[in-house]
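> this one's sequence-less:
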C-alpha cells in the first residue's frame, strides 16, 4: 500500500520500519576499534545497503544473484583476515566486523563470504603453489571468479574425515570420482577445491587426503543446484558428481597432505560463524526493539508492558555475551594465541544464542514476525544453517569436551 493510498478504520499503521541499524553495543565492546578496522566495517555497511533490496527479492524467489556475490569482491570484502601479500590486510577484528555486518544484512551473503573468502580463498592462500596463486588468488579475492570448497559428501557430513571421493593417477593427470553435497558456489561456473582420498596402491601417499583445484567446466563435473531449501535461499548450494573428471597433475594443492589440512581451514572459519551469528542476532534484537517502541496495543506501545521489557532484556543479555565472545576471540587471534577449541566454543555459544534471540524476536512481533519485509523470519531460518555448518553443535561439544577433559568421546 502506498503512503498516499486511502486508509480505513483499523489500519492506522500499514507497515513498520524494522531493518535499520541501531548500533547496539551496551557494553561498548566496539567503541575503541582502530580507524582502519572501522573503515572495513563501514565499507561492509555500504555494500549491504547497496544490495539489500535485491537480496530480499532473491531470498523470496530462491535465486542466487551472482552479480551481488561478485560485487562483494569488487568492494574488497572477502579477504577474511587471510595473511598474503596479494591480499588487502584485514585484522581478525576487521574480518569479524565485516562478517557480522554482511550477515546482519543478509545470511545468504554471509555464506557467500564464508565460502568465497573463508574456505576457497583461504585454501588457496594456505596450500596452493605459487603458480596456482598467481593465476587464481586475485580473481577469487575480487569476485571475478567464484570459488567453492567441496569436502562434505552425501554420506559424510559430521564424519567428513571418512570421505570416499577418490583421486587416482593416470599418466600426467589425476582422475577424480565421487560425490559432494551442500557445496556453496559449486554450480556457479567458477572453480572448486575438491578434497579427495588418493587411490594409488603401492604409493607412499595412498589413502592420504589431498585437495585438488577443479575448474567447473571440466568434462565429468556435474553441479546440480539443491532446491527446496527454507534457509539461505539467496545462495545456491550444489550436489556435485565427479564422473572421472580429468585434471592436470599440477592441479593438486601441494601443501595438502592429510585431513588435518582441511581441518586447518575449517578451524579458521569457525570464528567467522560466531561473528555471523552475532550479525543475525543483532538484526533480530534491533527489529524487536524497534517494533516494541512503535507498535501500539491496548492504547500504548508494547515497550510499556513489563513482559516485553523482560524479553528485550533477556535478548540484550545474550547479544552482549555474543559480542564479548567475538571481541575477545579477535583479540586472541591478533595475538596469535587463539586455539581451535576456543573458536569452537564461540561458535557453540553464539549460534545457540542467536537461535534463542531470533525465536524471542519472532514471538514478540506476533503475526508481523513472519513477514520477510520485517527481517526476523528470514534471519531465523538462516540461523538454522549456520548452526549446522562448519561443524554441528554436537561436534563442537565433543571437540571442547575432549580439550577440557583430555579424553575423546568421538565414536
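That came through, no problem. Just so we're clear, the structure is a prediction, and the values are computed from it rather than from any experiment.
> which secondary structure elements does the helix or strand that contains residue 124 contact?
Here residue 124, judged by DSSP states H and E, is contained in helix 122-127. Applying 3 or more C-beta pairs under 8 Å, 6 or more residues apart in numbering; DSSP states H and E, one finds that helix 122-127 makes contact with helix 130-141, strand 209-215, helix 259-294. (Each C-beta comes from the backbone N, C-alpha and C, glycine too.)
> can we see that at 7 Å?
With contacts taken as 3 or more C-beta pairs under 7 Å, 6 or more residues apart in numbering; DSSP states H and E, helix 122-127 sits against helix 130-141, helix 259-294.
> what does it contact?
Residues outside helix 122-127 that contact it (C-beta atoms under 7 Å, 6 or more residues apart in numbering) are 80, 82, 84, 132-133, 136-137, 140, 149, 193, 211, 253, 255-256, 261, 264-265, 268.
> so among these, which ones count as buried?
Among the contacts of helix 122-127, those buried by neighbour count (16 or more other C-beta atoms under 10 Å) are 80, 82, 84, 132-133, 136-137, 140, 149, 193, 211, 253, 255-256, 261, 264-265, 268.
> what's the most buried one of the helices and strands packed on helix 122-127?
Mean neighbours per residue, mean count of other C-beta atoms under 10 Å, is largest over the helices and strands packed on helix 122-127 for helix 259-294, with a mean of 24.
> report all helices and strands that that helix contacts.
helix 92-105, helix 107-113, helix 122-127, strand 209-215, strand 300-301, helix 306-335, helix 340-364, helix 376-388.
> next, the angle from that helix to helix 306-335.
Inter-element angle recorded for helix 259-294 and helix 306-335: 150 degrees (by axes from the mean of the first three to the mean of the last three C-alpha atoms, to 10 degrees).
> what's the angle from helix 259-294 to helix 340-364?
Angle between the axes of helix 259-294 and helix 340-364 is 30 degrees (criterion: the same axes, to 10 degrees).
> now for the helix or strand following helix 259-294, which elements pack on it?
Next helix or strand after helix 259-294 toward the C-terminus (DSSP H and E): strand 296-297. Helices and strands touching strand 296-297, by 3+ C-beta pairs under 7 Å, 6+ apart: there are none.
> list the neighbouring strands of strand 296-297 plus their orientation.
Sheet pairing here is set by DSSP bridges, and for strand 296-297 it gives strand 300-301 (antiparallel).
> picking that back up, so can I have TSV of the helices and strands packed on helix 122-127 showing distance to residue 326?
Output for the helices and strands packed on helix 122-127, formatted as TSV (distance: least, C-beta to C-beta, whole Å):
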stretch	distance to residue 326
helix 130-141	24
helix 259-294	5
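> closest one to residue 172 among those helices?
Taking C-beta to C-beta, helix 130-141 is the member of these nearest to residue 172, at 15.6 Å.
> quick check: mean pLDDT of the closest one?
Helix 130-141 shows a mean pLDDT of 98.
> which residues touch it?
Residues outside helix 130-141 that contact it (C-beta under 7 Å, 6+ apart) are 73, 78-79, 84, 86-87, 116, 120-121, 124-125, 145, 147, 191, 213, 253.
> between those residues, which is nearest residue 37?
residue 79 (12.9 Å).
> low-confidence stretches in this structure?
Along the chain, the parts satisfying pLDDT under 70 run over 1-4.
> residue closest to the middle of it?
Most central in the chain under C-alpha atoms, centre = their mean is residue 111, positioned 3.4 Å from the mean C-alpha point.
> let's have the helices and strands packed on helix 259-294 in a markdown table, adding distance to residue 64.
Output for those, formatted as a markdown table (distance: least, C-beta to C-beta, whole Å):
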| stretch | distance to residue 64 |
| --- | --- |
| helix 92-105 | 15 |
| helix 107-113 | 8 |
| helix 122-127 | 21 |
| strand 209-215 | 19 |
| strand 300-301 | 39 |
| helix 306-335 | 28 |
| helix 340-364 | 23 |
| helix 376-388 | 14 |
